[in-house]
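S.K.: Quick one, fold the following:
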Amino acid sequence: MFRVAREIDFCYGHRLLNYDGKCKYLHGHNGRVVITLEAPTLDPRGMVIDFTDIKRVVSRWIDDELDHRMILRRDDPAVAALKQLGEPIFLMDQNPTAENIARLIFEFTRDHGFPIVSADLWETPRCYATYTGEK
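M.R.: As a prediction, this is how the structure comes out:
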C-alpha cells in the first residue's frame, strides 16, 4: 500500500455553542490540515496522485471557502450580525469543532474522487483531530 500526504495551512475563526469554556467566544486559529491518500498500486507515472492535483482541487477549495472565514454552526446567533457586516463566513450544520472541520475536509476530498484515508486538523501546534471516514 502506498500513501502520500499534503499539508494545507489556513486561518479561520469559530466558536462553539453549548460549550462551557473559552471556546464559546469568537476566536481564531492558524490551522493546518494534513490529508493522507492511499492506493494499492501506483499510476503509470509512479504516483498515488499528483500533488498538483491535490493543490488544484482541495487546497483551492480550502482557500476559497474556509481560509480567513468565521466557521459557525448554521443556527449561531452571531450569523445574522456577521452577514450584515459583510464578514466572510462558512456555515455548518454541526458545531465547528476540530473533529467536524476534519470531517468536512475529508468528505470534500473524498467526494472529489481522491483516495483519502484520513484528515488531521491541527487547531494548535499541540492539539489536533483526525477523521478517517465511516467504518
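
S.K.: going forward, measure contacts and count neighbours with C-alpha atoms only.
M.R.: Will do.

S.K.: Now stretch 29-46: buried residues?
M.R.: 31-39 (16 or more other CA atoms under 10 Å).

S.K.: and of these, the nearest to Pro77?
M.R.: Nearest to Pro77 among those: Gly31, at 24.1 Å, using CA to CA.

S.K.: wait, that closest one sits on Trp122?
M.R.: Yes. Contact criterion CA atoms under 8 Å: Gly31 and Trp122 qualify, at 5.5 Å.

S.K.: Go ahead and confirm Pro115 touches Leu37.
M.R.: Yes. Pro115 lies in contact with Leu37 (CA under 8 Å); the separation is 5.2 Å.

S.K.: Farthest from the middle of this protein: give me that residue.
M.R.: Centroid-distance maximum for the chain: Pro44 at 30.0 Å, with CA atoms, centre = their mean.

S.K.: Which of the helices or strands spans that residue?
M.R.: According to DSSP states H and E, Pro44 maps onto no helix or strand at all.

S.K.: I'd like the distance between it and Phe90.
M.R.: 38 Å (CA to CA, to the nearest Å).

S.K.: Thanks again, I'm all set now.
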